[in-house]
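> Everything below, folded, please.
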Amino acid sequence: MADTPTDVSTDWIARARRLVADLSRPRPVVYWTDLFVSLAIGVSAASIHLLQPWLSPAQLVAWLVAGIALFRAALFMHEIVHFRRGEMRGFTAAWNLLFGIPFMMPSFCYEHHLVHHNARHYGTPRDGEYLPLGTARPWVTAAFLAEIAVLPLLAVIRFLVITPVSFLHPRLRQWALERCSPLVINPWHRREIPADAPRRLWAMTELLCFGQALVLATLPFVTTVRVGQVEVPLGWPALVKLYLIAVLALGLNHVRTLVAHRYCSDGMTMTFAEQLDDSINVEGRTPLVVLMFPVGLRYHALHHLFPFIPYHDLGIAHRRIMRELPDWRAYRAATYPSFAAALADFVRGMRESCPWRPAGAAGWFARLRDGRGPSLPSRPSRAA
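Purely as a prediction, here's the structure:
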C-alpha cells in the first residue's frame, strides 16, 4: 500500500470545491423516478420468486433481480440522512412508508451516519460504521460477513420484542435507542441521542415496524392467501423465500462495504490526508460495478470530501476533478479502475499493515477496550 499522499491541502480542497460548487442540489424527479422504478422491479420480482417452484430458473432469476433492486432502494437511506433540514421531506416520508417500515429499516436508525463524517470520530471506536478490517486478522472479516445470515432475524427481534418491551421503562427505552437502533458494522457502537430528538415520531415509526414484524411472525401459520384469481402459497416456504431475498440484499451491501474504505485506522483521530487515503472510489462502469455500487456509492472517497453532492451528480464531479486537477495525487490514489482492483487491495491490506498506521487493528481494539477517544458531540452537524 502506498505511503500517505502529501498533496492534501486546503488549496487542493478549495480548488476541487470550486469545481463542484454547482452540484449541491438534489433533483427530485431523479430521486422519485429511481425509487419507484427500483421498488416496482424489486416487489414484482419478489412476487414471482414467491410463486415459482423451488430452484426453478424463473425463481432463481427473480431472486437475483429482487435482491439487487431492493438493495438499490434500501441505499436511498444514505441520501436521506444527508439531506439538509427540511429538504426532500416528501421523499423521506415516502421512502419510509414504502420501504423503511415494510422492510424494518426506518431512516431514523441511520441518522448516526453523520458521525462517520465527523473528522474527530472517523475511524475511531466511536465510529459506528468502521472496523479495522484492513489490518485485522481474517476471522474478523469472516465474522463480519457471517453476520449477514442472522441480520434479518435480528431485525424481527428488534421490532417484535425489543420495541414493546422498551416502552415499559424510560431506561429500557434509552437502551433500545442507543444500542439497538443504529444500523452499524461496529457492534460496540453506542448512539448518542440528541436532547431534541423527535422521540414521538420515532416511537410511531417503531410501532409500525412492530406491526410488520408481527405479520412476518404469523406468516408460517397462514398457508395460502387469495389475490384476485391467484392462490399465493405462504407458510414457512414463503418466509424462507423472503429471508433469502433479505440475505442477498444484505450480502451485496456487506461486500460493497468491504471496499468503501481501506480500514487501516488504529483507533486514533486521523488527519485529513489519512482519511482520504483510507477511502476509495471505484471508477469502472462494468455491470458488476453498477450493481454493487448503486446510488453513487462507487465514489465513496469523493463523498467523504464533499458529502453535500447528491448521488446523481457524483459522477460529474469525479470526472471534473480528474480532468481539471490531474496532479492531485491523493485523490487519484484513492481511485481504483475496477471492483476487483479495490478488493485485491483490501485483501493485500489484510496481510500488510498500513505504513502510516503501523498499530492497525491492535491499536484500534486497544482503544476500544480502554474507552479512549474524543467524546461525541451532543448533536452531529448535518452536511452543509
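> Go ahead and confirm Cys180 touches Arg158.
Yes. Shown here, Cys180 and Arg158 form a contact pair, counting by Cβ atoms under 8 Å, at 5.5 Å. For the C-beta atoms, the positions are set from N, CA and C on the backbone; glycine is no exception.
> out of these two, which sits in the busier spot?
Comparing Cys180 with Arg158 by neighbour count (other Cβ atoms under 10 Å), the higher total belongs to Arg158, at 20 against 16.
> what sits against that one?
Going by Cβ atoms under 8 Å, 6 or more residues apart in numbering, Arg158 touches 104, 180.
> give me that answer again for 10 Å
Arg158 is in contact with 104, 109, 166, 176, 180-181, 206, 209-210, 213, counting by Cβ atoms under 10 Å, 6 or more residues apart in numbering.
> now the residue of the chain most remote from its centre: how far from Leu242?
The C-alpha centroid of the chain is most remote from Gln229, which lies 39.2 Å away (Cα atoms, centre = their mean). In this structure, Gln229 and Leu242 are 23 Å apart, going by Cβ to Cβ, to the nearest Å.
> residues contacting His254?
Listed by Cβ under 10 Å, 6+ apart, the contact set of His254 reads 141, 144-148, 151, 185.
> Can you check the pLDDT for it?
pLDDT, His254: 96.
> Excluding chain neighbours, what is closest to Arg256?
Met292 (5.3 Å; Cβ to Cβ, 6 or more residues apart in numbering).
> so the one you found sits right up against Phe339, yeah?
Yes. Taking contacts as Cβ atoms under 10 Å, Met292 lies within contact range of Phe339: 6.0 Å.
> Next, show the common contact partners of those two.
255-256, 259, 282, 286, 298.
> what are the C-alpha coordinates of stretch 327-334, in CSV please?
Only the C-alpha atoms of stretch 327-334 are listed here, as CSV (Å, rounded to 0.1, in the frame of the first residue of the first chain):
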residue,chain,number,x,y,z
ASP,A,327,-1.8,16.4,-10.4
TRP,A,328,-3.9,15.8,-7.3
ARG,A,329,-2.1,12.5,-6.4
ALA,A,330,-4.0,11.9,-3.2
TYR,A,331,-7.4,11.8,-5.0
ARG,A,332,-6.0,9.6,-7.8
ALA,A,333,-4.5,7.2,-5.3
ALA,A,334,-8.0,6.8,-3.8
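> What mean pLDDT does that stretch get?
Average pLDDT, stretch 327-334: 92.
> One more: stretch 161-174?
97.
> rewinding a little: what is the nearest of the contacts of Arg158 to His312?
Cys109 (24.4 Å; Cβ to Cβ).
> Tell me where the stretch 251-384 of the chain has helices.
Using DSSP state H, counting those that start in this stretch, the helices of the stretch 251-384 of the chain run over residues 272-277, 287-292, 300-305, 314-324, 329-333, 339-351, 360-370.
> now those helices in JSON lines, with mean neighbour count and distance to Asp127?
Output for the helices of the stretch 251-384 of the chain, formatted as JSON lines (neighbours: other Cβ atoms under 10 Å; distance: least, Cβ to Cβ, whole Å):
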{"stretch": "helix 272-277", "mean neighbour count": "20", "distance to Asp127": "11"}
{"stretch": "helix 287-292", "mean neighbour count": "15", "distance to Asp127": "23"}
{"stretch": "helix 300-305", "mean neighbour count": "23", "distance to Asp127": "12"}
{"stretch": "helix 314-324", "mean neighbour count": "16", "distance to Asp127": "22"}
{"stretch": "helix 329-333", "mean neighbour count": "18", "distance to Asp127": "21"}
{"stretch": "helix 339-351", "mean neighbour count": "16", "distance to Asp127": "18"}
{"stretch": "helix 360-370", "mean neighbour count": "18", "distance to Asp127": "10"}
